[in-house]
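1. Return a 3D structure for these sequence lines:
(chains A and B, ligands or ions: 1)
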Amino acid sequence: MDRLDRLRGPVPPRPHDARAIAALAANPGCARRAVLDAAGVDKDATAAHLGYPAPFGQSPFAITRGNAFESLVKESGCAELLRLLRELLGLPIPLAAYTDLGDVGGNPSAQVRHSHTRKLLDKAARDSDDAGTLYDHPLLRLEIAGHSAYLEPDVVAFRLGGRFHIVEIKSFAVVDGQAEPDKVAAAARQAAVYVLALMNTLEELGHDPRRVSHEVVLVCPENFANRPAATLVDVRPQLAVLRRQLARMARVGAIVDELPPELTFDLAPDADGVPTRPVAELREAVRGVDARYAPDCLSTCDLCFFCRDEASAEGSTDLLGRQVRDALGGVATVTEALGLADGSLTPGEGQEEIARLLRLADRIYAEVG
Amino acid sequence: MSTLAALARLRAVHTGTAQRLATVRHCHLSERPMVFIPLRLAGEAAAPLAAMAGTDPGHPRLLVVPQPRDRDLRFAFAAELAEILLPYFEGLQKATETVERRGAEPYERCVDAPQVIVPGRGAVAFVQLLGRSTRFRRAEGPYAVHPSVPVLGRWLTFLAQRAQYPGSSLLLAATEALSLHWATGQSTLEDANLASLVGWIDPPPGMTGASAAREAEDPLVWPPAGPATDPGFDTEVLAPAIRAYEETRSDRAAARVAEAVRSQLEPTWRLMWRAIGLLGTLPAAPGAAARWEGDRTSFTGFAAQLAEGGPPQPKRDGAVGAASRLARMERAQASYDAQRAYDDPLVMAAYRLTGEAFTGTVVATEPDRTEGEGRGRKLRPLVTVRTTDPVRLAPGTRLGTPERRGQQAEVVAIDGEHVTLKIVKGMGRGMAATPGAVPEAGERVCYAALTDEFQPPASLPAPEETPWTHGGPPPEYSPADDEPEEEWS
Ligand code: SF4
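-> Below is the predicted model of the structure:
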């Protein structure tokens, strides 16, 4: 794994939070991101140094609102949450203990906190009493390409009898039973990361990972009030995608082996953390690993503007999105597609059909446009 | 996406300017549209922060909520918005026309209807949420609001519901209306940015569409068209201004918030009128006027319902309602697609590419051919067309034609480049074809396997009988007891 360390340079690997891990599944075909993520490279800083800062920011209003809602749900030992769980799971939970796993005293390292979480989870998995227990601030761990990513979910793990549920608290509103689909999808992807981490932990401890429910409890404000409401969301599809992507990243070694040995994404930060690596050099290094740009990158990957410019300079049809690429039968560049359309280019093998369509489209466009 | 639309995008990349996807305008464009640009406080479902609205490009009205978390200020915003929108809706109800109908009483229909134009889909969703959060309010009792607020809520709900109806132009999203008519050299995802879309279609002098679009992505040059604001603006400008207002509640502090949001809204305001101007450069499609008539009927019906004191729209469709609504929407969509194709050769082109339509030259006809005996004898002319389009139609398929909208033909046989058709509908009762009813040899014709089942309404139905062509009957109202108290916080 020191090859990955070399790619990153002499800085600690960037921790993957669940959001970053969930985003891994967004463009699984991209080798560039697989390598950068596996090496724990700070993509945000890389993009900024390249002159293409990532377009993601979070409004302070959204952050305040999120925190306020979360503390409302967790108030007085998660009393409100417990009420919701009773209703949702239809269970007469007489009593529920509340354990704050973040409460370890002092300022412990992630390892220490994680082993504390493990210990308590192990104990919880052995207990089979009927009382429920809420575990707040668990520190979970997920192996990503040989590195441990520690995850501190803004969630609670809830155990009742022999089963564990992941509870995710989100502050987007559910109005008349409907929420913005993008937000629900993102929440499900993130929750899947926690489910997987919890499953792995139980398995390591010798328990049956199936005791973690694939139905997560999503807690959101209802309608226009601050009153929380809970819904069960099945995250099996997200789990499958995530597993596939993690397996891919574990095999990232094969891609890395192909890379020139001197390649590195080291930003060479000075004493103040300001990158000193010549930009042209860094650009060449990043370009040394193949990307697969898609417009979705614009909302999922820090390098999106850099890769978009690269795709644009190459005249790649990826720039226009999947729908266009599909309609073009996978023809890779704009010049090639236009050449096929005006007949100046002879179609290659397997391109006869799309060439015929493009020529026809070109003729009709000229006729009526 | 059709190969044609994909090719248009490639050409846009190549030339650096947007390419036409339509030769005519498929949406109605009002002479006096109401432009409405709402902004929402980040992190909240429907907390209005500000809005710019008006029918005069030179005189936008700016509405501001200096502390969007304050419930009273929110309802004050809603009342102020009602002051702008309600007179606009009411003014349009004054002039009516009498619609005659066979076998029933004539009825009155408004000669015009409102057209609210918002920047994009996000704003349409916001209109719906704003409608939902205001229509159940009450003017008396606990949490009383200004009486105009629930009325506004019902209008906004009506508009938002109508916006889902294919081909309706009462509530238009500018990005969608533009994307229907132009292809850019970027992805559909990026087309959702109004500034970049307009940049492609109408770049400033000396700039390509591509470079104008890139520039439009800088939130400092072109603030987002809403309802979400730029997070950088929130952090650096808005948050301190709102905090100052929170601390002093002074007019000066309120004015500071107003200036901040004005800086975010004004560029979009100008952009919206440019978008409207661009749409106005295209001649209206015949179908757009017919669909607008449906919009006018729907508007007239809703205004009447409101005047009769009907209840607010319910929170959800029942399951049965939702299912039949879906079926209606599908039919309406098919109809809308067909109308656009028959109105516009560039839209028809996509169907020619897939073999569902073809264009060619008539090579032979049998105009006076008949079928059947005695009283059942009917005129069934044959027409043979030569085409180089890749026709993929089975014998027996029903076809329509833009040249003769009342007619229908049937595929008889396809032999190489020759398609033989039989005209089976719209030939009249006579035994000889009227001149011009059957295309003549040498004529360019187009036939398509698209049926437009849209029937202009014969009458103004009672609200509960509103046909699918006009949005369907209003769902039943089921009051919930917590409605007026429901917070909006
Ligand atoms: S932005 Fe670039 S690196 Fe990131 S996923 Fe897309 S193509 Fe890969």
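2. For chain B, see how far away A:Cys311 is.
-> Not Cys; residue A:311 is Ala. To chain B, A:Ala311 is 11 Å away according to CB to the nearest CB, to the nearest Å. (C-beta placed from N, C-alpha, C; glycine too.)
3. That residue reaches A:Gly321, doesn't it?
-> No: shown here, A:Ala311 and A:Gly321 do not form a contact pair, counting by CB atoms under 8 Å, at 11.2 Å.
4. Phi and psi next, for B:Thr55.
-> phi -110, psi 0 (degrees, to the nearest 10).
5. With adjacent residues omitted, what lies nearest to B:Leu353?
-> Excluding the flanking residues, the one nearest B:Leu353 by CB to CB, 6 or more residues apart in numbering or on different chains is B:Thr3, at 5.4 Å.
6. for A:Phe172, same thing?
-> In space, A:Phe172 is closest to A:Lys183, 4.6 Å off (CB to CB, 6+ apart).
7. so, in contact with chain A or not, the helix or strand of chain B with the lowest mean pLDDT?
-> Averaged element by element with mean pLDDT, DSSP states H and E, chain B has its least confident helix or strand at helix B:319-343 (a mean of 83). No: using CB under 8 Å from any CB of the partner chain, helix B:319-343 stays clear of chain A, coming no nearer than 11.7 Å.
8. Can you list the neighbours in contact with the next helix or strand after that helix?
-> Per DSSP states H and E, the first helix or strand lying C-terminal to helix B:319-343 is helix B:345-354. With contacts defined as CB atoms under 8 Å, 6 or more residues apart in numbering or on different chains, helix B:345-354 is touched by A:357, A:360-361, A:364-365, A:368-369, B:2-5, B:20-23, B:26, B:340-342, B:357-359, B:389-390, B:392, B:402, B:446, B:448-450.
9. In helices only, show me these.
-> Taking DSSP state H as the definition of helices, the contacts of helix B:345-354 contribute A:357, A:360-361, A:364-365, A:368, B:3-5, B:340-342.
10. where's the dip in pLDDT among those?
-> Least confident of these in the model: A:Val368, at 83.
11. wait, that residue sits on B:Leu21?
-> No: A:Val368 is beyond contact range of B:Leu21, at 11.3 Å (criterion: CB under 8 Å).
12. So for the two, which residue has more residues nearby?
-> Shown here are A:Val368 and B:Leu21; by other CB atoms under 10 Å in any protein chain shown, B:Leu21 has more neighbours (23 against 17).
13. quick check: domain ranges of chain B?
-> Chain B breaks down by automatic domain parsing into domains covering B:3-315, B:343-448.
14. Most tightly packed of these?
-> domain B:3-315 (a mean of 19; mean count of other CB atoms under 10 Å in any protein chain shown).
15. Pipe the ones in helices among the contacts of helix B:345-354 into a markdown table and attach distance to A:Asp122 per row.
-> A markdown table is the format used below for these (distance: CB to CB, whole Å):
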| residue | distance to A:Asp122 |
| --- | --- |
| A:Leu357 | 61 |
| A:Leu360 | 67 |
| A:Ala361 | 63 |
| A:Ile364 | 68 |
| A:Tyr365 | 67 |
| A:Val368 | 71 |
| B:Thr3 | 59 |
| B:Leu4 | 62 |
| B:Ala5 | 58 |
| B:Arg340 | 64 |
| B:Ala341 | 66 |
| B:Tyr342 | 70 |
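16. The ligand: which of these is nearest?
-> B:Ala5 (24.1 Å; CB to the nearest ligand atom).
17. who's in contact with that closest one?
-> With CB under 8 Å, 6+ apart, B:Ala5 has these contacts: A:324, A:327, B:21, B:183, B:350.
18. how about B:Leu39, secondary structure?
-> strand (DSSP: H, G, I helix; E, B strand; the rest coil).
19. Wait, B:Phe75 touches B:Ser133, no?
-> No: between B:Phe75 and B:Ser133 there is no contact under CB under 8 Å: 9.6 Å.
20. how does chain A divide up, domain by domain?
-> Domains of chain A are assigned by automatic domain parsing as A:2-55+A:247-363, A:60-245.
21. For B:Arg243, which of those domains is the nearest?
-> Among the domains of chain A, the nearest to B:Arg243 by CB to CB is domain A:60-245 (10.1 Å).
22. export the ones in helices among the contacts of helix B:345-354 to CSV and tack on distance to the ligand?
-> Shown next, in CSV, are these (distance: CB to the nearest ligand atom, whole Å):
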residue, distance to the ligand
A:Leu357, 28
A:Leu360, 32
A:Ala361, 28
A:Ile364, 34
A:Tyr365, 31
A:Val368, 37
B:Thr3, 26
B:Leu4, 28
B:Ala5, 24
B:Arg340, 35
B:Ala341, 37
B:Tyr342, 42
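23. Cross-check the contact I'm expecting between B:Thr23 and B:Arg340.
-> No: contact between B:Thr23 and B:Arg340 fails when scored by CB under 8 Å: they sit 10.8 Å apart.
24. What segments of the stretch 251-369 of chain A are helices?
-> A:252-258, A:279-287, A:297-300, A:304-313, A:322-327, A:334-342, A:352-368 (DSSP state H, counting those that start in this stretch).
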